[in-house]
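[1] based on what follows, work out the 3D shape:
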Amino acid sequence: MKKLKLTMFALGILAMIAVLPLQSISESQDSRSTEILNKVSRTYKNYKSIKAGFTIEVNNKASQSSVKQSGTLYVKGKKFRVNMSGQEIYCDGKTIWTYLKDANEVQITKYDEKTMEINPSEIFTIYQKGFLHKYAGQKTVNSKNCDVIELTPEDKSKPYFKVKLAVDGVANKVEEMEIYSKNGVTTKYKITSFRGNVDINDNFFKFDPKLKPGVIEIDLR
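    As a prediction, this is how the structure comes out:
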């Protein structure tokens, strides 16, 4: 199967599924979606760390192609890590390491939340940074009845024009997210497992070259 390379934009979107710090969501928006999102925020605010299994499915309308892959996301404050079959991404809140397994190569960049499309450590503040939201019906995800929330970016220069969240109305957790890009590509993220308040050492979010013999380090800072 073709391997996916997870971009920082995609990583930010994915992290949105996993952790949601409590935020006051504008009452000027759709009242039903506001109520649902506030409940979701209250559910996640007690998690100091997260471990979540996920699948990514990318569908390209133009080429009529589809790629699917799975992985694991870890989040602790501003720190995060993603493990997939083709790559690993580490961030200790200051530095980002993107390790490409096939090439045995790691690219090192400075973590700068201001230059990121979406900051993975600030999840649902996204709603207060240029998104409108509205209730968009229901669907079944992971055998659960979910409410669908549709997000629209106010900044029309964004590479996507719509994001849909599927929220489990009983557990008040996000089960799925779909991103609709302007280039005709639809990306679906689905949570397959979830654990909150897992014990994770801070060193887990740092790339250790000693564990990858012969690794080529490319420092782009």
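[2] what ranges does the protein have for its helices?
    Remark: helices assigned in the chain by DSSP state H are 8-18, 31-44.
[3] could I get the buried residue list for the longest one?
    Residues of helix 31-44 classed as buried under the neighbour-count rule (16 or more other C-beta atoms under 10 Å) are 33-34, 36-38, 40-41, 43-44. Every residue, glycine included, has its C-beta placed from N, CA and C.
[4] what is the nearest of those residues to residue 64?
    Nearest to residue 64 out of those is residue 33 (C-beta to C-beta; 32.5 Å).
[5] surely the closest one meets residue 137?
    No: applying C-beta atoms under 8 Å, one finds residue 33 not in contact with residue 137, separated by 11.1 Å.
[6] so what's residue 109 up against?
    Listed by C-beta atoms under 8 Å, 6 or more residues apart in numbering, the contact set of residue 109 reads 95-96, 98, 220-221.
[7] put together CSV for those, with distance to residue 197 on each row.
    Below are the contacts of residue 109 laid out as CSV (distance: C-beta to C-beta, whole Å):
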residue, distance to residue 197
95, 25
96, 24
98, 27
220, 34
221, 32
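[8] so of those residues, which ones are in strands?
    Within the contacts of residue 109, residues falling in strands by DSSP state E are 95-96, 98.
[9] ok, what's across the strand from the nearest residue to residue 140 once chain neighbours are set aside?
    Excluding the flanking residues, the one nearest residue 140 by C-beta to C-beta, 6 or more residues apart in numbering is residue 146, at 6.9 Å. Counting by DSSP bridges, residue 146 forms beta bridges with residue 139, residue 168.
[10] about what we covered before: from the contacts of residue 109, which would you call buried?
    95-96, 98.
[11] nearest to residue 190 among those?
    residue 98 (23.0 Å).
[12] separation between the closest one and residue 140?
    Using C-beta to C-beta, to the nearest Å, residue 98 is found at 35 Å from residue 140.
[13] what of residue 165?
    Going from residue 165 to residue 140 by C-beta to C-beta gives 15 Å.
[14] now residue 219
    47 Å.
[15] same question, residue 196
    24 Å.
[16] ok, the two, which is more surrounded?
    Set residue 196 next to residue 140 and count neighbours by other C-beta atoms under 10 Å: residue 196 wins out with 16 against 10.
[17] nearest residue to the more buried one other than its sequence neighbours?
    In space, residue 196 is closest to residue 47, 4.0 Å off (C-beta to C-beta, 6+ apart).
[18] residue 181 now?
    residue 160 (4.8 Å).
[19] my guess is that neighbour contacts residue 184. True?
    No: applying C-beta under 8 Å as the test, residue 160 and residue 184 come out as separate, 11.3 Å apart.
[20] more neighbours: the two, which one.
    residue 160 (19 against 11).
[21] ok, now how distant is that one from residue 58?
    Look at residue 160 and residue 58: by C-beta to C-beta, they are 13 Å apart.
[22] same check on residue 152?
    Using C-beta to C-beta, residue 152 is found at 21 Å from residue 58.
[23] so for those two, which residue has more residues nearby?
    More neighbours surround residue 58 than the other of residue 152 and residue 58, with 18 against 15 (other C-beta under 10 Å).
[24] could you check how far the residue nearest to residue 140 is from residue 205?
    31 Å.
[25] residue 143 now?
    Separation of residue 143 from residue 205 (C-beta to C-beta): 33 Å.
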